[in-house]
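In: Predicted coordinates and the sequence they were generated for:
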Amino acid sequence: MFPRSTPETFAQKLFQTFKNHRRFKKPKLSRTDFTIDHYAGEVKYGADHFLDKNKDYMVAEHNRLLYASKCPFVVNLLPEQTAETKKTKFSSIGTRFKGQLQELMVTLGTTDPRYIRCVKPNSKLKPCILENTSIIQQLRCAGVLEAIRISCAGFPTRKTFSDFLHRFKILGKEYVDGSLEDKVACEKILDKMEMKRYQIGKTKVFLRAGQMAELDARRAEIVGRAAKKIQRKMRSHIAHNEFILLRKASIDIQSFCRGRLACNLYENMRRNDAAIKIQKYQRRHITLKLYNTYRSYAIVLEAGLRGMVARKEFRFRKESKAATSIQAKWRCHRDYSYYKSLQNAILTYQCSWRQKNSRKELKKLKIASRETGALKDAKDKLEKRVEELTLRLGLEKRRREDLEKEKEQEIAKLQEALHEMRLQVEEVNSLLSKEKETAKKAIEEAVPVIQEATVYLQDTEKIDSLSAEIEKLKELLQQEKNSIDVSRQEISSLRKENEKLLEELENARKQFDLHQETINRFEEKLLNSESENQVLRQQAISLASTNKDLSQQLTSALAQQRLPEKSSADNGEENTNTGLSHLSNLADQEKEEKPHRLLNEKKLQENQEFLIEIITHDVGFSNGRPVSACIVFKSLLHWGSFEMEKTGVFENIIQKISNEIEEAGKSVLSYWLSNSSMLLLLLQRTLKAGHSTNKRRSTSSSILWGKLSQGTKSSSSNIGLKSSGRAYIGVNNTPQVEAKYPALLFKQQLTAFIEKIYGIIRDDLKKEISSYLGKCIQAPRTSRVVNTAKGSRSEAKSTAQQALLAHWHTIVAILENYLKIMKEKYVQPFLIRKMFAQVFSFINVQLFNSLLLRRECCSFSNGEYLKTGLGEFESWCKDTTEVYAGASWIELKHIRQAVSFLVTHQKAKKSLKEITDDLCPDLSMQQLYRISTMYYDDIYGTHTVSNEVISKMKILMKEISNDSDTGSFLLDDDSSIPFSVDDISRSKSLAPIDITDIEPPPIIRQNSGFHFLKPRGIE
């Protein structure tokens, strides 16, 4: 190659030859290294030993020697020398490779070349191993993936009109009869095949990726059907001829073969019998020999193995016995020390826990006492303010009545004056007309001129006097009108002052109502806690007190019997006789009352059991009121169970309800939710804690508002003030009952059941919806639908839109189903509103979090898809009305604002203030930043917000992160119970609940123990 060259000279020649080439670089320090800038990056090569590695001369003698070898592998290593290679003295592998490469290029030039890219399969240089990451990296660096992507994105298939018609004219024979041009015929064929997104050029047809394969498949189907017909006819003809020949030949062959087969079969059977006998004796000999050898080996091995296993077992038992003794001692010591430490810890924890509870109770009592004191002061101030306002209102009323009377008198006077003036004017006009007539007659009759002048002068003087009087009357009328306007202005100003005073009085009344409600609530809570404590104390002391009373009575009687004999005998006899008679009367009363009491208790128990069995059945509703709850309440109130200190009816009712709601459906759960809430509302309005202060305060407030209502009753028609007493009203105007501990406990348990049933229904609704919410977050990529039937594009669009909104319609149908069931079971609208508000909050959290976590969801098309789905929710809320939907639509504020941001055009022109104030006021800065950075427009190609807005967001995010520790941008779902007992009681109006007209079911009417449940009109 280079006989006298070295690595340095080779490197210098490379530097001289390629010094101006952009891909070739020379390193600064090394003299034998050079760098080549490949497509994938720079690669450094070393010229050391470069020449030695390329010396691959093959001597002709060596080649002949190897070719003369007898081993075929060595002969095939080198091919046989040709005449041209024999002429040259030295021949290298490189020169041979070069010649072969030239021959390959010549053959490639004669053919249609295809692009081939060689890829290194693995870095270990071993077969049958593929490294996916390495292959993908090579293809990416070589630009193959980019070329494929560009080719697929454009029109990879391009055919001239003639080639296209030559290949696919079979798809539209009616268009290739010569009447149409090639371009029109190509377009007709493509339209017939329902191809889309293709292009027709001047000389070629441009097809998208996959369309050529689809056309070939259609062509192959038609050609295949034609070929099958031809093949079927030809094969049937050939098969018929072959069948005739085969049938004739097979008959001759079968006759010969059957005879030959019979001979061969006999010979084989004879040989098999002989072979079987020989094999039998030989196998017997071999197996007997092997058995003996194996038997001797097994005996030796079994002896050794059994000894080893026995020694191992003995050692293991010895070690296990020692270990168990050690473990027993250690566990005893450990458990004893743990018991001692646990005992000490329990004592300290109990002391600290009791101390903590006592401190909490003391703190609560102090706070309650302070709040009640402050509320009392506020109440006193409000009462004083109300009294002042009532006095001012009375004064203003009197003043207004006086003004109205004066006004009426003045108006009557003015009307009389006007009437008189009108009469005078009419008289004057009549006189004037008469005088004019007389003057005319006199002028006509009079002869001398002097008389006419005197008459004329007299007439003018009268007219002047009358006109002066008329002007005076007009001035008086104007003065009266002015005085009337002034009085009207004064009346309007007084009305305005009265309206202001009435507004102040109404506001004061509302504030007083609110304070009164809070005071009553605190008093009820305090009195409930005090009553519970008192009940517990009474239960603990009752037994001791009864025992003490009996012992005191007996001791007093005995003491009277054992009086000293110093007193007179008569007094001693009287005392002993009275004590003994008192004891005997008590004993007789107890004996007489005992059987009646036992009989009443037995009847009561039977009625209670009958009631508990009845409430398990669905007895329906009466005018929107659950019959079961009303029957239970009326029965308990009639039996006096709320005032009993010991009764088991409450526990039985609770147990029965708990058994009914276990594994029940949504219809049964809605039924019990309606009954439980109604029963709790009746208990809340009927039961009260026994304390005197509550009565005193409620009566004082009712008296105060009664005075106000009496004071404002007379002027309510003119002023428009509606006063009403706000005293606490029970059920059917019945007096409230002082509840004992079992009734209060039953009330608490009923509250817990309402919360449990509400939670079960809400969670079931969330589970049904959650499976569809994942499909609603992103618009599905529907495949292109090919309409084989004749149909319009509008029908295809409508069907595609219905398919896209199917999941949203399913969710709306689920919500409508739950609403329908709860309406049928007359569940309180307050509970329905709370439930749907929490469900819509759950939908908001799921959709918004999925939008923030998945980039493919933050697109323009997905925003339009979500907007249409949210429109379904909005229409459902409007159809449902606020009575049942409430604020459910407001709970979707986060996802609504995010969707409005996605579908807003010209985001780059929006400032940060416009985004935070107008578009997304409820979204945090982290959420806005994430949506802005993840957004992309897959339809119009618009950009997201400007870089300036994103930089401002980053700065604000840093400030927020420094101020607060919370860094999560996701929303949390609230699964708590969003209401309390007071909310349920306030949800209904303060009017009394009438349950007297509720008719019991026929089963209860037939029972004589429940006659009190019948309405008043029915005997």
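Out: Received, thanks.
In: three-state assignment of the residue lying closest to K834 once chain neighbours are set aside?
Out: Spatial nearest neighbour of K834, excluding adjacent residues (C-beta to C-beta, 6 or more residues apart in numbering): P978 at 5.0 Å. The C-beta positions use only the backbone N, C-alpha and C, and glycine is treated the same way. Using DSSP: H, G, I helix; E, B strand; the rest coil, the structure places P978 in coil.
In: how deep is P978 tucked in, by neighbour count?
Out: P978 is flanked by 16 other residues according to other C-beta atoms under 10 Å.
In: give me the number of residues near S861?
Out: Neighbours of S861 (other C-beta under 10 Å): 16.
In: Touching, it and I939? I think so.
Out: Yes: counting by C-beta atoms under 8 Å, S861 does reach I939; the two are 5.5 Å apart.
In: show me the contacts for the residue nearest to K834.
Out: Counting by C-beta atoms under 8 Å, 6 or more residues apart in numbering, P978 touches 834, 837-838.
In: and it, backbone torsions?
Out: Phi and psi for P978, reported as degrees, to the nearest 10, are phi -90, psi 30.
In: So it versus K196, what's the distance?
Out: Using C-beta to C-beta, to the nearest Å, one gets 53 Å for the distance from P978 to K196.
In: and A209, that's in a helix?
Out: No: counting by three-state DSSP, A209 is not part of a helix but coil.
In: Is it correct that it is in contact with C152?
Out: Yes: here A209 reaches C152: they are 4.4 Å apart, a contact under C-beta under 8 Å.
In: Is G886 part of a helix or strand, or is it coil?
Out: Strictly by three-state DSSP, G886 counts as coil.
In: List the residues that contact the residue lying closest to it once chain neighbours are set aside.
Out: Closest residue to G886 apart from its sequence neighbours, by C-beta to C-beta, 6+ apart: R833 at 3.3 Å. R833 is in contact with 883-888, counting by C-beta under 8 Å, 6+ apart.
In: For R833, grab phi and psi.
Out: Main-chain torsions, R833, degrees, to the nearest 10: phi -60, psi -50.
In: Tell me the pLDDT of it.
Out: With respect to pLDDT, R833 scores 87.
In: Give me the contact list for the helix or strand containing A147.
Out: Using DSSP states H and E, A147 maps to helix 144-153. Helix 144-153 is contacted by residues 117, 136, 139-140, 209 when judged by C-beta under 8 Å, 6+ apart.
In: Who are the contact partners of K204?
Out: By C-beta under 8 Å, 6+ apart, the residues touching K204 are 158-161.
In: Quick check on those: which are buried?
Out: 158-159, 161 (16 or more other C-beta atoms under 10 Å).
In: can you map out the strands along the stretch 151-300 of the chain?
Out: 157-160, 199-200, 204-207 (DSSP state E, counting those that start in this stretch).
In: With mean pLDDT and distance to R422 as extra columns, can I get the ones you listed in a markdown table?
Out: Output for the strands of the stretch 151-300 of the chain, formatted as a markdown table (pLDDT from 0 to 100; distance: least, C-beta to C-beta, whole Å):
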| stretch | mean pLDDT | distance to R422 |
| --- | --- | --- |
| strand 157-160 | 88 | 107 |
| strand 199-200 | 90 | 98 |
| strand 204-207 | 90 | 102 |
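In: Of all those, which one comes closest to R385?
Out: Minimum separation from R385 across the strands of the stretch 151-300 of the chain (C-beta to C-beta) falls at strand 199-200, 85.7 Å.
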